[in-house]
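**Q** prediction below, plus the sequence it came from.
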Amino acid sequence: MNSRCLTEQEIKAQAMRLGFVACGVAKAEPVEPLYAQHYLRRIQQGHFAGMEYMTRHVDMRLNPHLLHPGLQTIVSVALNYMPASRQPAVCLYAQGQDYHEVMRERLHLLMESLGAHGRCFVDTAPVMERYWAWRSGVGHFCRNGLISVSGYGPTVFLGELFLEESADNYGEPLPSSHPLQQGWQELCPALTPDGLDARLCLNYWTIEHRGELPPSIRLTDCLYGCDRCMRACEEFREVRPTSLSSFQPSPALMAMTEQDWRTLTPEQFRCLFRHSAIKRAKYEGLMRNISHWYPRQSGTSDVSADEQS
């Protein structure tokens, strides 16, 4: 066990210097029983659909010491990604550079600046990132299940440092509109009293799902992802454009027309999305989505997958 003690003040100061809009420090310990039970219930109810990785290594998710022995402190950070302009066919988070690349680089710089030892995580390991963002005081759970940061709303990427050093002080969680306390069905068909059900979510179907889409899905807004539950959330009024050029859409993406999307070639896909989160869907997945895409004219909205089960 590392006997060195970091100061919460220094951790937050270095995080702000690197452009993070919020930073919190939490003592590494097992996830609180109420939240652990909530996660297990979502698994039992099938809320993660075909995302089997969300149901693996549950023991590590609920006890971070199993993921990184010697862990003492969890640092959670948030980075604003709200673009100043957007390509309407793409959800907000995927307008710019792949957030994994941007966040990972900054997290490594943060660890180096602290002279600390441990691991960096950006949505790529069995880590309850929203829980730790809440637990450390980075933000609160808003009604769509995302973390909302004061002054920035829910348009933030989250990342974590798992550190072997202790800290002189740990943050306190903020009051939240947690899914265990409120029903959210009025915001989006995918939102249930126990949280988001991926089987009814357009983000899941257009990004994570492999294979054909249910006939009931008719996309009239984004052909990649969905922002409906976020835009319906009251905290969305707090969002402000990021100053980071990494999260702004490229001129090439902004110039894409409906005809350009429908005639997109594999080579064009590779050139456009080499450093974009959109590459996760792969060319075949994106073209599949386009075959279900009927750009909005007026008074229409995307059909969720509530009829497919």
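**A** Yep, it's here.

**Q** okay, Thr7 and Leu40: tell me how far apart.
**A** The spacing between Thr7 and Leu40, counted by Cβ to Cβ, to the nearest Å, is 36 Å. Placement of C-beta: from N, CA and C, glycine included.

**Q** and the strands in the protein?
**A** 5-6, 22-27, 73-80, 118-121, 140-141, 147-148, 156-163, 166-167, 191-192, 195-196 (DSSP state E).

**Q** including mean neighbour count, could those strands go into a markdown table?
**A** Shown next, in a markdown table, are the strands of the chain (neighbours: other Cβ atoms under 10 Å):
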| stretch | mean neighbour count |
| --- | --- |
| strand 5-6 | 16 |
| strand 22-27 | 23 |
| strand 73-80 | 27 |
| strand 118-121 | 20 |
| strand 140-141 | 22 |
| strand 147-148 | 27 |
| strand 156-163 | 24 |
| strand 166-167 | 18 |
| strand 191-192 | 20 |
| strand 195-196 | 22 |
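
**Q** of the ones you listed, which is nearest Glu234?
**A** strand 147-148 (9.0 Å; Cβ to Cβ).

**Q** now that closest one: mean pLDDT?
**A** The average pLDDT for strand 147-148 rounds to 92.

**Q** what's that strand packed up against?
**A** With contacts taken as 3 or more Cβ pairs under 8 Å, 6 or more residues apart in numbering; DSSP states H and E, strand 147-148 sits against helix 129-135, strand 140-141.

**Q** who's in contact with the longest helix seen in the chain?
**A** Of all segments of type helix in the chain, defined using DSSP state H, the longest is helix 99-114. By Cβ atoms under 8 Å, 6 or more residues apart in numbering, the residues outside helix 99-114 that reach it are 6, 10-11, 14-15, 17-20, 75, 77, 79, 81, 93, 117-118, 120-124, 157, 159-161, 163, 165, 244, 246-247, 275, 277.

**Q** give the contact list for the closest residue to Leu79 other than its chain neighbours.
**A** Setting aside the residues directly before and after it, Leu79 is nearest to Phe157 in space (Cβ to Cβ, 6 or more residues apart in numbering), at 4.8 Å. Phe157 makes contact with 78-79, 81, 93, 99, 102-103, 122, according to Cβ under 8 Å, 6+ apart.

**Q** what do you get for Gln87?
**A** Gln87 makes contacts with 95, 249, 253-254, 256, as judged by Cβ under 8 Å, 6+ apart.

**Q** low pLDDT regions in this structure?
**A** The model of the chain has pLDDT under 70 over residues 1, 176-187, 297-309.

**Q** can you pull out the helices in the stretch 201-309 of the chain?
**A** Using DSSP state H, counting those that start in this stretch, the helices of the stretch 201-309 of the chain run over 202-203, 228-231, 251-254, 258-262, 266-273, 282-290.

**Q** minimum distance to Pro64: which of those helices has it?
**A** Ranking the helices of the stretch 201-309 of the chain by proximity to Pro64 (Cβ to Cβ) places helix 202-203 first, at 25.8 Å.

**Q** make TSV from the helices and strands packed on strand 147-148 and add distance to Gly151 to it.
**A** TSV is the format used below for the helices and strands packed on strand 147-148 (distance: least, Cβ to Cβ, whole Å):
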stretch	distance to Gly151
helix 129-135	15
strand 140-141	13
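
**Q** to Lys282, which of those lies closest?
**A** Closest approach to Lys282 among those is made by helix 129-135 (24.3 Å; Cβ to Cβ).

**Q** quick one: contacts of that closest one?
**A** Residues contacting helix 129-135 (Cβ under 8 Å, 6+ apart): 24, 26, 31-32, 35, 74, 76, 78, 121, 123, 139-141, 145-147, 158-160, 171, 173-174, 176.

**Q** could you do stretch 59-73 as well?
**A** Residues from elsewhere that reach stretch 59-73, judged by Cβ under 8 Å, 6+ apart: 1-2, 6, 25-31, 36, 39, 57, 74, 118-119, 125-128, 161-167, 170.

**Q** do that again at 7 Å, thanks
**A** For stretch 59-73, contacts defined as Cβ atoms under 7 Å, 6 or more residues apart in numbering pick out 1, 6, 25, 27-28, 30-31, 36, 39, 74, 118-119, 125-128, 162-167.

**Q** quote the end-to-end distance of that stretch.
**A** Chord length of stretch 59-73, first to last residue, is 18 Å (Cα to Cα, to the nearest Å).

**Q** buried residues in it?
**A** By 16 or more other Cβ atoms under 10 Å, the buried positions in stretch 59-73 come out as 60-62, 64, 67-68, 71-73.

**Q** what residue lies at the spatial centre of this structure?
**A** Against the mean C-alpha coordinate of the chain, by Cα atoms, centre = their mean, the closest residue is Phe157 at 5.8 Å.
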